[in-house]
Every structure is written in structure tokens, then in C-alpha cells.
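S.K.: just a sequence and a predicted model for now, questions to come.
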Amino acid sequence: MPALVERRNDALNNTGKILFRNPVPFFIVFWALLNLLQIAFTELTSDEGYYWFYAQHLQWGYYDHPPMIAAMIKAGSKLFGGTIGVRAFNVVLSTAGLSLFFQLIPEELKRSPKTYWVLLSAPLLHYLTFLVFPDGPLLFFSLAFLVLYKRFLVKKNFETSLLLGLSIALMAYSKYHGALVLLFTIIANPRLLKSAYFYLALFVAAILFAPHLWWQYKNDFPTLKYHLSGRTGTWSFKHVGEYVSQQIFAIGPGLIFLPFVVKTKDVFERTLKFIIIGTLLFFLVSSFKTFVHFHWTSIALYPLLYFAVRYYNNPAHKKLFNALILPFVVLFFVARILLMLPLIPNMHVGEDYYHGRKTWAEEVKSLADNRPVFMPDNLREASLYSFYSGGQGVTLYTRPGKKSQYELWGYEDSLQGKDVLFLSKYPYTGGMKTSLLNKDFYYGVVSSFQSYYNGIAVTASVDAVTADTLKATVNLFNQTSRMIAFQKNDSAGYTGIAYSIEQARNVLKADAALPLKAADNLAPGATITKTIRIPIQDVPQGDYEIYFGIRSGVLPDAILSEGLPFIKK
């Protein structure tokens, strides 16, 4: 018996020595198993539902993003199906990313427990590992780029150039933000522009990325138009505070200050610092014009972790390690458990985002009774409904600027003339109230569905403004290859031109303006012009914008024109 105990102790000691000598494989296996468990028991978020919708039809591009995320989901769904299939390859890339990361740090730091606590304290690393966003593959391929770039600095040759070009292309296929990694790398090391091998890498990347650029051209550059005009607003401080506060917690208070205190040793580390600071500054400037999602700065994550591992393994920083690293490890493991299991009842923060989606989809499906479901301006819920119910969910945007893959694939046409369940967050004539996920919704069946959110281009001019009346000329142009008919919507009885008077994007007055009849039907390429007089005696004095579009029954107005400024005196 004592001999058996002695042999068991020897085995444990040997295992401990192996783990101490090379803990990397054990940590990678732990990370993979942790995230496989997480994806099995965490419901899809609404963003993931939209990316799953992408994957139903693989293409070289999509309205919002390049195709990498769709290809990953398609491959995973073929192998596993369900929630696990949607997320499987994201876990694979995250695990492989850690393997690449350990190639960048010295051997002695790989043996330090603090290295692993630092990794486990990074909020974005947890978030982008099991939840599927385009930032996930971007995180991996940007790290692959850095590993190859470090090799390129040591030895420039044909093979490294090809691989570097491949990594650049794969970054671009993941998310357009990958261009920032390349940009800040060149700024940090402008001597690259004197290297023929670097130009070879750029040439390889351009050739590989050409199919996506061709797709953009064939589809009239939808992504470019959206990001240049549809997404940005006027300069404002509205989102700046949100950006700064979110980044502190997204990156982590233990990491975010590091690029400003660590010293770089070589051109590679200088590049990492440029990527971090450049990324944070780029999105800080962007926040003056648009809302910046906290995970958009993910390309700075691995460079930050590179410096963090070195910084916190310094005994001089032990107090900071205990205060800024260890507590967050505990916090994120608690958060992971709460995402898998709704242990806290009535947890309002994120409750309807992470839990109960399958039940919600089944309830909507019972209301639909095999009809398509129309959810206007509700991009992610429509696709999530399709994922969990197997039914057809469709969303369409009701205002200019923002569109989605639903418009690009012509889903509006698929609803015309059908009986459709109209599900809205807002009350409407004839809509019945129900509660879904602790929120009020309104629903009703629209018979012989007729909508005009796409296909008609509306231009207008304000001709005169008096104290009582605004006179405008409105042009309706059919930009499709089919006849557009204006007919009475069976559900409500009005089809015609509508308007919306707004001030600082707040709607002051919206109403019908002029009915449209069969005589106004638009042949392909045809235009009709209408003169409209709108009563504005109830509009206070001030500066406004007026928008024009089409109203069809109880559906939300299709606002199709740009805003026209006018002054009510």
C-alpha cells in the first residue's frame, strides 16, 4: 500500500513538472473545452442570427461585411448544425490564435502563471471567442499577419511575402477594419515601402481580394455607400463619452494604459504600439460622427496582450496585477455562467438579448400560423426568428441611408400579395397587443401585402412656404424592371404619398399627403410628378426638414427622399 501511494505521488509530481515546464498545450486545451461548453449552452444573439442569415446564400460579399463570417458559419453548420455549428469555427480560430500568440512571447513568460491570468482577464478575448462577429476572424488573421510580419522583418523572401499577402487578404475578407492594421504597420515602419518583397505581398493581397471588389462593383458598391453616407452623422460629442467609457471596460482597465507606459525594444514592438494607439485614436475621431461599438477596437487586443504579459510579469507591478487583473478573471467567469444559465431572475441587463429566444420564436410562429413575418426596422430579430422557428422572417428599412441583405436579395418582392403577419414594437390601427420577452409588441395579419420600401426613387423640392402651407413638387421614379402598381391595401385603404416634418431627427408631424391610384402606376423607368400642399399652421416657427415617401395601409411609411430644409416663419 505505501508503495502504491508513493507511485501515485511520483506520477502527480511528474505531471506537475511537465505542466510547469510547458503549460501552453494545457491552457489551449482548457480554452477550447471552456468555449465549446459555452457555445453549447448560450443562445444565439441577434447579431449572430443576422450572420447566420448571410450563410444561407454564400457570396463574395454582403451589404455590411465581407464574406469570411458567412463562410465560417456555413462550414460549421454543415458539420454540426444548430447553435454549435454557427459558432464552431470561431472557437477553432480563437484557439489557434492563442497558439500563434505564444509564438510571439519569450519562453520564460510561457512558464509564468501570470501570463495566463492576464489572458483570462481580457474582456474582448472572452467576448469574441464564443460569440460570432466578423471581429473574431479578424482577430485571428491580424495576429497571423503580425507573426508573419515579425518573420518578414528578420528574413525577407518570396515565401514570407506570399504568406504575408495571404494574411492581408484574409484580414480584408474578415472585416474592413483590417486595413487599419496594414496602415499603422506602414506608418510605424515606412521603410517597408522601399522593399520589393513588401510590394509583392500587397500585390498578392490585391489579387486575392479582387473577387470581393468585383462583387462590390456588380452591386453598385452598397457597403461603400453605406459607410460613407448612411452610417455617419454630423460632428457631435454625443457618442464620445460612450466610446471612452466602453473602451476602458472592453479592453480592460489593466490593459488600456499600457501603450502609454511601456517602452518598445525594436521596430516590431514599435509597430504594435502604433497599431494600439492608432486604432484607439481612429475610433475616437469616428465617435464624433457615429456610434462606435466597443468590439471594433479588437485589432488592438493581441498587441495589448503582448505588452501586458511582459508588464505584469515584472515583480514591480504585483500590486497592479492583484488589483486590475485577478478580479476581472473572476468577474468574467461569473459572466460566462450567467450567459449560459439565467440564474438571476428578471436580470434586465441583456435578459432579452441572451435568454429566451427560442421560446420567443415559437410564440411568434404560433401567431404567424405559417405566414411570413414582417418586422420593419428590426434587422436582427427577423433572422433570429428564422433560425429558431424555421419560418420566414423579413425586415426592411423604412428610411433612406441604411439597408440590409434583405433588400439586396429582394425579400420585399417575396412578400407582395401574400397574407403576412405584421409584428411591430409600436401600436398601429387594428394591431393587437401581446407581450414577448417582457416587452409589448403589436401584431396583425396584413392581407394582400403591398409595400414600397425599395424600387422607387423619390426626389422633391420645396417650392413655397407660408404661415399655413408648404408647397412641394414630388417626383416618383421607377428604378426597377417591373411595373409598380398603386392599389388599395386590403388592410387599411390608403396608398399614397406621405411626408414627415422633422427637427434634429425628431418627428414633429407625419401624415398622408396625396392618394395614388391605378392611373399613377409606374412602368419601368417611368416618372410621375405631383404637386402637394401640406398644412403647417400647427408647426411652430423654426428650421425643419421635410421628407417624402409612400404610405401603404397600416405599414410604416416608406421614407424615400432626402431631407429638404425649410424655414417656418
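M.R.: All right, it came through fine. The structure presented is a predicted model; accordingly, all values stated were derived computationally and were not measured.
S.K.: quick one: average pLDDT of the helix or strand harbouring residue 30?
M.R.: Per DSSP states H and E: residue 30 is located in helix 24-41. Averaging pLDDT along helix 24-41 yields 96.
S.K.: list the buried residues in it.
M.R.: Neighbour-count burial for helix 24-41 flags 24, 27, 28, 31, 32, 34, 35, 36, 38, 39 (criterion: 16 or more other C-beta atoms under 10 Å). Glycine gets a C-beta too; all of them are placed from N, C-alpha and C.
S.K.: residues contacting residue 560?
M.R.: The contact partners of residue 560, taken as C-beta atoms under 8 Å, 6 or more residues apart in numbering, are 400, 452, 456, 457, 458, 548, 549, 550.
S.K.: quick check on the residue nearest to residue 112 when sequence neighbours are not counted: phi, psi?
M.R.: Of all residues not flanking residue 112 in the chain, residue 313 sits nearest, at 5.2 Å (C-beta to C-beta, 6 or more residues apart in numbering). The phi/psi pair for residue 313 (degrees, to the nearest 10) reads phi -80, psi 0.
S.K.: tell me which of the buried residues of helix 24-41 is nearest to residue 374?
M.R.: residue 39 (30.5 Å; C-beta to C-beta).
S.K.: export the helix or strand harbouring residue 127 to CSV, keeping only CA atoms.
M.R.: Using DSSP H and E, residue 127 sits within helix 123-130. Output in CSV follows, covering the C-alpha atoms of helix 123-130 (Å, rounded to 0.1, in the frame of the first residue of the first chain):
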residue,chain,number,x,y,z
PRO,A,123,-12.8,41.2,-21.8
LEU,A,124,-12.7,41.2,-25.6
LEU,A,125,-10.8,37.9,-25.7
HIS,A,126,-13.7,36.2,-23.9
TYR,A,127,-16.4,38.1,-25.9
LEU,A,128,-15.1,37.4,-29.3
THR,A,129,-14.2,33.8,-28.7
PHE,A,130,-17.7,32.2,-28.4
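S.K.: pull the residues that contact that helix.
M.R.: Here helix 123-130 has contacts from 31, 35, 38-39, 42, 87, 90-91, 94, 119-120, 135-136, 139, 249-252, 294-295, 297-298, 301, 305, 328, 332, 335-336, using C-beta under 8 Å, 6+ apart.
S.K.: do the same with stretch 383-393
M.R.: Stretch 383-393 is contacted by residues 44, 46, 48-50, 52-53, 357-358, 360-362, 364-365, 368, 370, 372-373, 375, 381-382, 395, 414 when judged by C-beta under 8 Å, 6+ apart.
S.K.: of these, which belong to strands?
M.R.: Of those, the ones assigned to strands by DSSP state E are residue 373.
S.K.: now the phi/psi pair for residue 216, please.
M.R.: Note on residue 216: its backbone torsions stand at phi -60, psi -40 [degrees, to the nearest 10].
S.K.: verify the stated contact: it with residue 226.
M.R.: No. Using C-beta atoms under 8 Å, residue 216 is not in contact with residue 226; the gap is 11.3 Å.
S.K.: for the record, mean pLDDT for the helix holding residue 127?
M.R.: For helix 123-130, the per-residue pLDDT averages 93.
S.K.: same thing with stretch 182-190?
M.R.: pLDDT averaged over stretch 182-190 gives 98.
S.K.: stretch 394-401 too?
M.R.: The predicted model assigns stretch 394-401 a mean pLDDT of 91.
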